[in-house]
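J.: sequence and predicted structure below; questions after.
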Amino acid sequence: MITFFICVTILVTAYFVYGTFVEKQFGADSKRQTPAITKNDGVDFVPLSNGKIFLIQFLNIAGLGPIFGAIAGALWGPVAFIWIVVGCIFIGSVHDYFSGMLSIRHGGASIPEVVGKYLGVGVKNFMRVFAVGLLILVGVVFVKGPAAILHGITGVEVSYLVAGIFIYYLLATLIPIDKLIGKIYPAFGISLLIMAVGITITMVFGGFDVPELVPANIRNMHAEPGKFPIFPLLFITIACGAVSGFHSTQSPMMARCLPNEKDGKKIFFGAMITEGIVALIWAAIAMSFFGGVEELGVSLSEPGHNAAWAVNEICNSLLGKVGGFLALVGVVAAPITSGDTAFRSARLTIADSFNLSQEKIVQRFYITLPMFAIALLLTQIDFSVVWRYFGWANQTLSVFVLWTAAIYMKQTSGKFWFVAIPATFMTSVVSTYILIAPEGFELGKDLSYLLGISVALLFLSLFLFKVKTKEG
């Protein structure tokens with residue numbers, strides 16, 4: 001339990017210390033007018049209060065990721081704590097801050113438009129397709145996940161629940177952001193916080209033995225360590241809570257609602273730190289609730305036992321019926337409030353790509369309906385397969401955003417290493433993963449490591465060359 005509290009303390013401290021450093025390097029300016037003010041259209045560009053923006057951003061980026069991902073990541077043992085803390089501070093929070101602030105600096109543009117400005121037209125066109133595909137995939141993932149949990153609570157057929165969630169997603173995609181999303185997110189946020197606080201209190205006072213980060217535990221504790229090496233599998237499994245490219249598709253949506261640049265640290269950096277704490281809570285309880293890391297693996301290996309089952313067991317056992325219900329509302333609300341804004345972000349990305357006006361609802365329908373038709377077809381694919389491809393695509397998107405931020409920093413201030421190093425590391429993660437994974441090329445571990453790290457160094461070299469020629 002000592003390790004858990006040290007990790008939480010480090011994350012909170014990092015918000016004030018490293019968050020201030022990143023903000024200073026970027027040069028946030030309270031006097032510069034934001035797109036929320038200059039482009040206010042009453043639909044997508046709408047000034048909102050910090051409290052609403054924070055809750056919307058937090059719920060958008062949270063989803064099932066810091067819960068399901070942390071439970072799955074707990075199978076590796078306490079090394080998961082290291083990745084959550086280091087990843088969240090030096091990669092995820094930096095990624096989220098820049099994806100929001102760069103959007104603000106570029107008129108509230110969607111992330112493909114921002115990336116394209118710095119990485120070229122070819123990359124921009126690729127990113128347009130890639131980002132929209134990822135967002136639709138996220139919407140599908142965040143339909144089936146909460147539907148499975150609600151089925152466990154209510155017994156209602158999953159197909160009916162999926163239909164109901166899709167109807168809500170359609171409304172949230174079309175209606176002005178302050179009319180639906182801006183009104184219901186605070187309540188969902190309170191439920192999610194009740195869940196996190198409740199789990200923490202019962203974990204602390206319930207005598208749970210959370211593994212500590214002692215030398216004997218700093219190893220791969222997965223039941224099949226040879227098949228699931230820490231690098232790169234852990235870094236793909238725990239995305240939300242450490243770093244997630246999906247967040248970059250959500251931040252521009254809030255960039256269109258932020259009235260003051262100086263509040264970007266609270267919204268973008270702060271929401272990511274909060275998500276990191278949520279991931280720590282779920283990783284810790286997953287490692288201790290079932291009796292240990294090994295016992296967690298045994299429990300999850302049984303038929304019908306998955307992360308959703310684990311959430312159900314933990315909440316109902318620790319918080320009682322009322323607390324368990326409130327906690328599960330939070331767990332269900334989190335993915336739903338990521339799914340709705342995933343589709344909304346996809347609509348905005350497509351509209352930005354083709355310069356389509358979105359002021360009239362019929363104009364939004366033209367984009368929205370084809371997206372939902374594709375999403376409905378994707379719900380027929382096995383969830384585990386969708387999740388694995390989502391994990392890799394998610395982290396790959398973060399690579400593009402981090403390299404974009406590094407180039408921006410070099411062009412504006414010359415101080416770029418605090419972004420370039422995370423960009424290089426994440427390039428090695430996604431390259432190695434696709435080489436070694438069953439859904440990738442299934443190459444041997446040693447060869448995958450060699451090629452993956454070589455690709456990362458190549459990207460760094462190209463970046464430095466570009467920087468050098470830029471200076472000339």
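T.: Ah, there it is.

J.: could you find the closest non-adjacent residue to Met253?
T.: Nearest non-adjacent residue to Met253, counting by Cβ to Cβ, 6 or more residues apart in numbering: Ser345, 5.6 Å away. Every C-beta, even on glycine, is put in place using the N, C-alpha and C of the backbone.

J.: read off the pLDDT value for that neighbour.
T.: For Ser345, the pLDDT comes out at 94.

J.: how far does stretch 155-175 sit from the chain's center?
T.: 22 Å (Cα atoms, centre = their mean, to the nearest Å).

J.: in it, what's buried?
T.: Residues of stretch 155-175 classed as buried: Leu161, Val162, Ile165, Phe166, Tyr169, Leu170, Ala172, Thr173, Leu174, Ile175 (neighbour count, 16 or more other Cβ atoms under 10 Å).

J.: could you dump those residues to JSON lines with distance to Asp446?
T.: Formatted as JSON lines, the buried residues of stretch 155-175 follow (distance: Cβ to Cβ, whole Å):
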{"residue": "Leu161", "distance to Asp446": "45"}
{"residue": "Val162", "distance to Asp446": "43"}
{"residue": "Ile165", "distance to Asp446": "44"}
{"residue": "Phe166", "distance to Asp446": "45"}
{"residue": "Tyr169", "distance to Asp446": "44"}
{"residue": "Leu170", "distance to Asp446": "49"}
{"residue": "Ala172", "distance to Asp446": "47"}
{"residue": "Thr173", "distance to Asp446": "46"}
{"residue": "Leu174", "distance to Asp446": "51"}
{"residue": "Ile175", "distance to Asp446": "53"}
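
J.: hmm, which of the residues you listed is lowest in pLDDT?
T.: Among the buried residues of stretch 155-175, Val162 carries the lowest pLDDT, at 87.

J.: could you point out which element follows the helix or strand hosting that residue?
T.: Using DSSP states H and E, the element containing Val162 is helix 158-174. Following helix 158-174 in sequence order, the next helix or strand is helix 181-205 (DSSP H and E).

J.: now that next one: how far from the chain's centre is it?
T.: 18 Å.

J.: what is that helix packed up against?
T.: In terms of contacts (3 or more Cβ pairs under 8 Å, 6 or more residues apart in numbering; DSSP states H and E), helix 181-205 is packed against helix 50-62, helix 270-289, helix 307-354.

J.: which SSE is immediately downstream of the longest one?
T.: Once the chain leaves helix 307-354, the next helix or strand it forms, by DSSP H and E, is helix 361-378.

J.: and the residue nearest to Met253, how close does it get to Ile165?
T.: 17 Å (Cβ to Cβ, to the nearest Å).

J.: then Pro35?
T.: 30 Å.

J.: and what of Lys117?
T.: 35 Å.

J.: do Leu193 as well
T.: Where Ile165 is concerned, Leu193 sits at a distance of 22 Å (Cβ to Cβ).

J.: does Pro225 sit in a helix, a strand or a coil?
T.: Under DSSP: H, G, I helix; E, B strand; the rest coil, the three-state class of Pro225 is coil.

J.: which residues sit in contact with it?
T.: Residues counted as contacts of Pro225 (Cβ atoms under 8 Å, 6 or more residues apart in numbering): none.

J.: got phi/psi on it?
T.: The phi and psi values for Pro225, taken as degrees, to the nearest 10, are phi -60, psi -30.

J.: before we move on, the earlier item: which outside residues touch the helix holding Val162?
T.: Contact partners of helix 158-174, identified using Cβ under 8 Å, 6+ apart, comprise 139, 143-144, 146-148, 150-151, 154, 180-181, 336, 339-341, 343-344, 347, 361, 364-365, 368, 372, 375-376, 379.

J.: mind exporting the C-alpha coordinates of that helix to PDB?
T.: Extracted in PDB, the C-alpha atoms of helix 158-174 (Å, rounded to 0.1, in the frame of the first residue of the first chain):
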ATOM      1  CA  VAL A 158     -27.200  -6.800 -25.100                       C
ATOM      2  CA  SER A 159     -28.600  -6.000 -28.600                       C
ATOM      3  CA  TYR A 160     -31.300  -3.800 -27.100                       C
ATOM      4  CA  LEU A 161     -28.800  -2.000 -24.900                       C
ATOM      5  CA  VAL A 162     -26.500  -1.500 -27.900                       C
ATOM      6  CA  ALA A 163     -29.400   0.100 -29.800                       C
ATOM      7  CA  GLY A 164     -30.200   2.400 -26.900                       C
ATOM      8  CA  ILE A 165     -26.700   3.500 -26.600                       C
ATOM      9  CA  PHE A 166     -26.400   4.200 -30.300                       C
ATOM     10  CA  ILE A 167     -29.600   6.400 -30.200                       C
ATOM     11  CA  TYR A 168     -28.000   8.400 -27.400                       C
ATOM     12  CA  TYR A 169     -24.700   8.700 -29.400                       C
ATOM     13  CA  LEU A 170     -26.600  10.000 -32.400                       C
ATOM     14  CA  LEU A 171     -28.200  12.800 -30.300                       C
ATOM     15  CA  ALA A 172     -24.900  13.700 -28.600                       C
ATOM     16  CA  THR A 173     -23.200  13.900 -32.000                       C
ATOM     17  CA  LEU A 174     -25.800  16.200 -33.500                       C
END
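
J.: so it versus helix 361-378, what angle?
T.: Counting by axes from the mean of the first three to the mean of the last three Cα atoms, to 10 degrees, helix 158-174 points 150 degrees away from the direction of helix 361-378.

J.: low-scoring stretches of the stretch 201-350 of the chain, by residue?
T.: By pLDDT under 70, the low-scoring segments of the stretch 201-350 of the chain are 328, 330.

J.: make that the stretch 1-150 of the chain, sorry
T.: Ranges of the stretch 1-150 of the chain meeting pLDDT under 70: 63.

J.: all helices for it, in order.
T.: 2-26, 35-38, 50-62, 70-73, 79-87, 93-105, 111-119, 121-154 (DSSP state H, counting those that start in this stretch).

J.: is it possible to get JSON lines of those helices that adds mean neighbour count and distance to Gly440?
T.: Converted to JSON lines, the helices of the stretch 1-150 of the chain look like this (neighbours: other Cβ atoms under 10 Å; distance: least, Cβ to Cβ, whole Å):
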{"stretch": "helix 2-26", "mean neighbour count": "17", "distance to Gly440": "31"}
{"stretch": "helix 35-38", "mean neighbour count": "17", "distance to Gly440": "39"}
{"stretch": "helix 50-62", "mean neighbour count": "24", "distance to Gly440": "26"}
{"stretch": "helix 70-73", "mean neighbour count": "28", "distance to Gly440": "18"}
{"stretch": "helix 79-87", "mean neighbour count": "23", "distance to Gly440": "21"}
{"stretch": "helix 93-105", "mean neighbour count": "27", "distance to Gly440": "23"}
{"stretch": "helix 111-119", "mean neighbour count": "23", "distance to Gly440": "23"}
{"stretch": "helix 121-154", "mean neighbour count": "21", "distance to Gly440": "17"}
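
J.: looking at the ones you listed, which is nearest to Thr200?
T.: When the helices of the stretch 1-150 of the chain are compared by Cβ to Cβ, helix 2-26 sits nearest Thr200, at 8.8 Å.

J.: pull the residues that contact that closest one.
T.: Outside helix 2-26, the residues that reach it (Cβ under 8 Å, 6+ apart) are 78, 81, 84-85, 88-90, 93-94, 97-98, 101, 210-213, 262, 264-265, 269-270, 273, 276-277, 280, 284, 409, 413, 415, 418.
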